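Asks: quick one, what's the 3D model for this:
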Amino acid sequence: MYVLPKEISSSMKFTKSLYLFDIVFVGSVLIISWALSSLVYTPLIVPYYLFMFTISIILTSKSSINPEKRKFQSIYYALIRNKKAYARE
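Replies: Numbering: from 1, shown residues only. Below is the predicted model of the structure:
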């Protein structure tokens, strides 16, 4: 009898809930935010960075609708779904 693995691919974990992808995603959002900060009104730079950091943390957290996916993936699937297709609930 063969034992089949339930999970073929796994993400690299640092702690119980912190993955390498999370760090890379938040870091890339902050780098893009820094690159675009010249377009932001000067007194709002610090709130802008705090907002972008908070949004990146929220988007990388697990989705309550689909626990296997992250929130940004759920939003992406909702935007690209076929709106003319009928789905019975």
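
Asks: can you pull out the strands in this protein?
Replies: For the chain, strands defined by DSSP state E do not occur.

Asks: so which residue is dead centre in it?
Replies: Thr60 (2.9 Å; CA atoms, centre = their mean).

Asks: what ranges of the chain fall below the confidence cut-off?
Replies: Residue ranges of the chain with pLDDT under 70: 87, 89.

Asks: if we can go back for a sec, pretty sure the residue nearest to the centre of the chain sits against Lys71.
Replies: Yes - between Thr60 and Lys71 there is a contact at 7.4 Å, judged by CB atoms under 8 Å. To be clear about C-beta, it is placed using only N, CA and C from the backbone, and glycine gets the same treatment.

Asks: tell me who's in contact with the residue nearest to the centre of the chain.
Replies: By CB atoms under 8 Å, 6 or more residues apart in numbering, the contact set of Thr60 is Phe21, Asp22, Phe25, Val26, Arg70, Lys71, Phe72.

Asks: can you turn the buried subset of those into a selection I can paste into PyMOL?
Replies: Remark: buried members of those, expressed as a PyMOL selection using 16 or more other CB atoms under 10 Å:
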select buried, resi 22+25+26+70+71+72
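
Asks: quick one: which of the contacts of Thr60 is nearest Phe14?
Replies: Sorting the contacts of Thr60 by distance to Phe14 puts Asp22 at the head of the list, at 8.6 Å, by CB to CB.

Asks: for that closest one, which non-adjacent residue is spatially closest?
Replies: Spatial nearest neighbour of Asp22, excluding adjacent residues (CB to CB, 6 or more residues apart in numbering): Thr60 at 4.8 Å.

Asks: repeat that for Asn66.
Replies: Excluding the flanking residues, the one nearest Asn66 by CB to CB, 6+ apart is Ser74, at 5.7 Å.

Asks: what about stretch 60-67, how long is it end to end?
Replies: Using CA to CA, to the nearest Å, the end-to-end distance of stretch 60-67 comes out at 12 Å.
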